[in-house]
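Peer 1: Let me see the structure of the following:
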Amino acid sequence: MIEPRTTALYAALLGILFLAISLRVIAARRDAKIAVGTGEDRRLLRASRAHGNFAEYVPLILLLIALAETTGTPRPVIHAIGLATLIGRAVHAYGIRREPERFVFRVTGMALTFTALSVAVLAALWGALF
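Peer 2: Okay, the predicted model is just below:
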């Protein structure tokens, strides 16, 4: 059986990014003096959405990467999915947390994330069927 070592690398790198995004939420909460929710604080709302958006996409992509890797998807494809996810999430978080919003970064980040998700779905499906 093929071990998902490449997936482990991207899971660790994405975990570091998630920690950094989480710390920004904590800092924004502290500055706004808001323990639950976002109140009317736009900085906290943006930090929370960057955090939430990451948590919504990354676990599924990592699962699909692991499944694709264990069913024999070539390593360059796994790296491409992992890098697109890592860069996409970092660029998206940068774009969404800025005031005024950096729309081009947010859109680029989501485009990379959707590309990674789509390729991961196809790779896992290919590995399952063939």
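
Peer 1: quick check: mean pLDDT across the helix or strand where residue 107 lies?
Peer 2: Using DSSP states H and E, residue 107 sits in helix 103-129. The average pLDDT for helix 103-129 rounds to 97.

Peer 1: Could you list every helix and strand in contact with it?
Peer 2: helix 42-70, helix 75-97 (3 or more C-beta pairs under 8 Å, 6 or more residues apart in numbering; DSSP states H and E). C-beta here means a position set from N, CA and C on the backbone, and glycine is covered the same way.

Peer 1: now that helix, how far from the centre of its chain.
Peer 2: 11 Å (C-alpha atoms, centre = their mean, to the nearest Å).

Peer 1: Just want the angle from it to helix 42-70.
Peer 2: Going by axes from the mean of the first three to the mean of the last three C-alpha atoms, to 10 degrees, helix 103-129 is angled at 20 degrees with respect to helix 42-70.

Peer 1: which parts of helix 103-129 are buried?
Peer 2: Across helix 103-129, burial judged by 16 or more other C-beta atoms under 10 Å covers 105-106, 108-110, 112-113, 116-117, 119-121, 123-124, 127.

Peer 1: quick one: which of those residues is nearest to residue 55?
Peer 2: Set against residue 55, the nearest of the buried residues of helix 103-129 by C-beta to C-beta is residue 113 (12.5 Å).

Peer 1: Next one: that closest one relative to residue 86, how far apart?
Peer 2: Going from residue 113 to residue 86 by C-beta to C-beta, to the nearest Å gives 10 Å.
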